[in-house]
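Asker: missing the sequence, but the structure's below:
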């Protein structure tokens, strides 16, 4: 990386539309992502931890190698794919969504439709996740074109064996531009939100923490979350709440004997609050669909799954209120990086089988654990 003490990069915070109050996100202008200097890299790293989601426009020519290198800025010792290689990928709920670029295996292809050739991949079919495959109750077929849901609020992380990635990058290669959709929470609150069709929606986990009562903040700072072993296989028969924020408890999760072999030492127990390495802010950072147990400050364990999910949902739900959601209106050439340890995100929208949409995604399991609330 060329050494330079100056940079041409400028930072422009995202201005929320009328009625929205989210306070994160920024566009960075003037970056040559194929030829970053030391000074450029420092500005980009700082911007991610200050703004959580950073966007570079008109990156049509960005190579998969450059995408990988930019994503690695936040963790140079990270090399592998962030969701990991599961022993039983076909049963994982992530299986249909990911294709690997042969010449840059850390970069995945996601999207929708039939693609004859892309970055060395031939005759692939991409499928945009639709909430009807994951939610307990779906929007009716006749209402589906105008309406959508949050598919699944999550963190990009294996949550078994590997450490959660620090950052994820997304490049919009091909984007069908169509109408806005009405995003419905369908949780009895009447909450809804206008989003561009196919938008990736983000919320700040720092705001999610700040909204808690003092009692809940204390609980969050002192509680640890134990995630299920092989969580994406474990949860595969279960169904989601209509707001996409965690699962409904019906006893459908797979039992240990139905999972690949479990190494107890690889089960992830993570703090409920993760600390920003730059600002020291605390994030309420939980993958609501993968939680299995809560370990309290006194060592007691809440292992009733329904109760665990109710506690987590009660704490996280205020943070996904419509005015706090930043839905990216993707345009071709948009390159976004998000702080995977400071936001939750979700797919939205639906596409017809013939509508072709292509994105490149990159994240890598981190080389170090998350920072907990202890200073």
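Answerer: Noted; the coordinates are in hand. What you see is a predicted model; the values in this text were computed from it and never measured.
Asker: make it CA atoms for all contacts and neighbour counts henceforth
Answerer: Noted.
Asker: Residue 304 is in contact with residue 249, correct?
Answerer: No - here residue 249 lies out of contact with residue 304, judged by Cα atoms under 8 Å, at a distance of 10.0 Å.
Asker: Select the helix or strand of the protein having the lowest average pLDDT value.
Answerer: Within the chain, judged by mean pLDDT, DSSP states H and E, the helix or strand with the poorest mean is strand 99-100; its value is a mean of 90.
Asker: what's that one packed up against?
Answerer: strand 107-118 (3 or more Cα pairs under 8 Å, 6 or more residues apart in numbering; DSSP states H and E).
Asker: what lines up beside the next helix or strand after the strand it packs on in the sheet?
Answerer: Using DSSP states H and E, the helix or strand that follows strand 107-118 in sequence is strand 121-126. Pairing partners of strand 121-126, with direction, according to DSSP bridges: strand 107-118 (antiparallel).
Asker: For the strand it pairs with, buried residues please.
Answerer: Residues of strand 107-118 classed as buried by neighbour count (16 or more other Cα atoms under 10 Å): 107, 108, 109, 110, 111, 112, 113, 114, 115.
Asker: Also stretch 23-30?
Answerer: Buried residues in stretch 23-30 (16+ other Cα under 10 Å): 23, 24, 25, 26, 27, 28.
Asker: before we move on, what about stretch 361-369?
Answerer: Judged by neighbour count (16+ other Cα under 10 Å), stretch 361-369 contains these buried residues: 361, 362, 363, 364, 365, 366, 367.
Asker: The fourth one contacts residue 106, doesn't it?
Answerer: Yes - under the criterion of Cα under 8 Å, residue 364 is in contact with residue 106, at a separation of 7.2 Å.
Asker: So what's the residue count around residue 15?
Answerer: Counted with other Cα atoms under 10 Å, the neighbours of residue 15 add up to 13.
Asker: got the phi/psi numbers for it?
Answerer: Main-chain torsions, residue 15, degrees, to the nearest 10: phi -100, psi 110.
Asker: And it, how close does it get to residue 27?
Answerer: The gap separating residue 15 from residue 27 is 10 Å, by Cα to Cα, to the nearest Å.
Asker: Over to residue 318?
Answerer: The value you get for residue 318 to residue 27, if Cα to Cα is used, is 26 Å.
Asker: what's the answer for residue 73, then?
Answerer: When residue 73 is compared with residue 27 (using Cα to Cα), they lie 18 Å apart.
Asker: same question, residue 18
Answerer: Relative to residue 27, residue 18 is positioned 19 Å away (Cα to Cα).
Asker: so where do the helices sit in the stretch 251-375 of the chain?
Answerer: 305-316 (DSSP state H, counting those that start in this stretch).
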